[in-house]
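In: Compute the structure for the input listed below.
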Amino acid sequence: MGIGKRLEDNKVEKVTEENLSLITAKYSLADLILPFNTETSIADFLSYKKHEQLIFNEWGLSQTHKHQRQTAVNFYGAPGTGKTMAAHAIAMELGKPLIIVDYASLESKYVGETSKNISEIFRKAKENQAIIFFDEADAILSRRVTNMTHATDVSVNQTRSVLLTLMNDHEGLIIFTTNFIENYDPAFMRRILAHIEFELPDLLCRERLWKKYMPEKFPSKVDIKKLAEISETLSGSDISNCVLKAAMSAARQNSEIILIEHFEKSIAEVISSKNANNKSNTKIEKKAVSETYVESKIGAEKMMELKA
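Out: Numbers count the residues shown, from 1 in each chain. Next comes the predicted model:
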């Protein structure tokens, strides 16, 4: 979602009522094809959301868990495993709109204003009973910087401290997704009620995914079980791409039927690109810094202003 725009003179426009968009969910639970454990965890979380009054009021947990009614859930796992689709499905199931926050884009567009803009997002969500959806949330939930040598480091820590406060006070649902849960700050981990892992699809899921992405008119009689067996390391998104790539290859060869050879070629290409990407990935170690330390760097008055 585009929240605001960059101005030509490098000034930045603040988040306003007009440029915060409410998104209608695009997917339902029926669209999800997930391993049993992931599917069960999502069902348990939805049950909790639907029975909050029972759990907290009738069963008395409002007395013992006074500060735990703020609900955040985190979906983590490999790319293409259905995390974003699940966020939409939960929103549709609960009948609520989404406010989608691409933090990497938000931070780059609103230099020095990020904390205030995030506060505005929470205000808008409360006003519209919307679900806040932080995609690729490790950009904002990662461990705070200890050796702050630039103003940017201070700004990032300010933003994370403000977000912690907003999460504590927010009564609506927040959904985070990430491919790198190991980078999360422990302070955020503690404030998130449920962490649900999205694993690569198992054999049964892969069969269902191959069937899903081949429409009725698709000119192929290839053995779906065979495809499921040779695509063990692929995600749902990968399988979708493989179907398209196989069709492209067959069309280029003027073949009227999409053969197993076309699928084997597309699968090999996807696996090769994934392996190359995995080799190039590097892990950056980050350390935590306290809110008190941030305040000592920017002053108590500025800290209070950011939290206001």
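In: Look up how far residue 42 lies from residue 242.
Out: 25 Å (C-beta to C-beta, to the nearest Å). All C-beta atoms are positioned from the backbone trio N, CA, C, and that covers glycine.
In: So between these two, which is more surrounded?
Out: residue 242 (26 against 23; other C-beta atoms under 10 Å).
In: The more buried one and residue 122, how far apart?
Out: 40 Å.
In: Report back the residue of the protein that's furthest from centre.
Out: No residue in the chain sits farther from the centre than residue 254, which is 40.1 Å out by C-alpha atoms, centre = their mean.
In: that's a strand at that one, yeah?
Out: No. Counting by DSSP: H, G, I helix; E, B strand; the rest coil, one finds residue 254 to be coil, located in no strand.
In: Surely residue 237 is in contact with residue 80?
Out: Yes. At 2.9 Å, residue 237 counts as touching residue 80 under the criterion of C-beta atoms under 8 Å.
In: out of those two, which sits in the busier spot?
Out: The residue with more neighbours, out of residue 237 and residue 80, is residue 80; 20 against 17, by other C-beta under 10 Å.
In: where does the more buried one fall, phi/psi-wise?
Out: Dihedral angles of residue 80 (phi, psi; degrees, to the nearest 10) stand at phi 80, psi 10.
In: Same check on residue 194?
Out: Torsion angles at residue 194 (phi, psi; degrees, to the nearest 10) stand at phi -130, psi 130.
In: Could you find the closest non-adjacent residue to it?
Out: residue 73 (4.6 Å; C-beta to C-beta, 6 or more residues apart in numbering).
In: Spatially central residue for the protein, please.
Out: residue 177 (2.4 Å).
In: if I've got this straight, that one is in a strand?
Out: Yes. Judged by three-state DSSP, residue 177 forms part of a strand.
In: going forward, begin numbering at 345 instead of 1
Out: In the new numbering, first residue 345, that becomes residue 521.
In: so what's the residue lying closest to it once chain neighbours are set aside up against?
Out: Using C-beta to C-beta, 6+ apart and skipping the chain neighbours, the partner closest in space to residue 521 is residue 427 (4.2 Å). Residues near residue 427 by C-beta atoms under 8 Å, 6 or more residues apart in numbering: 419, 420, 421, 521, 542.
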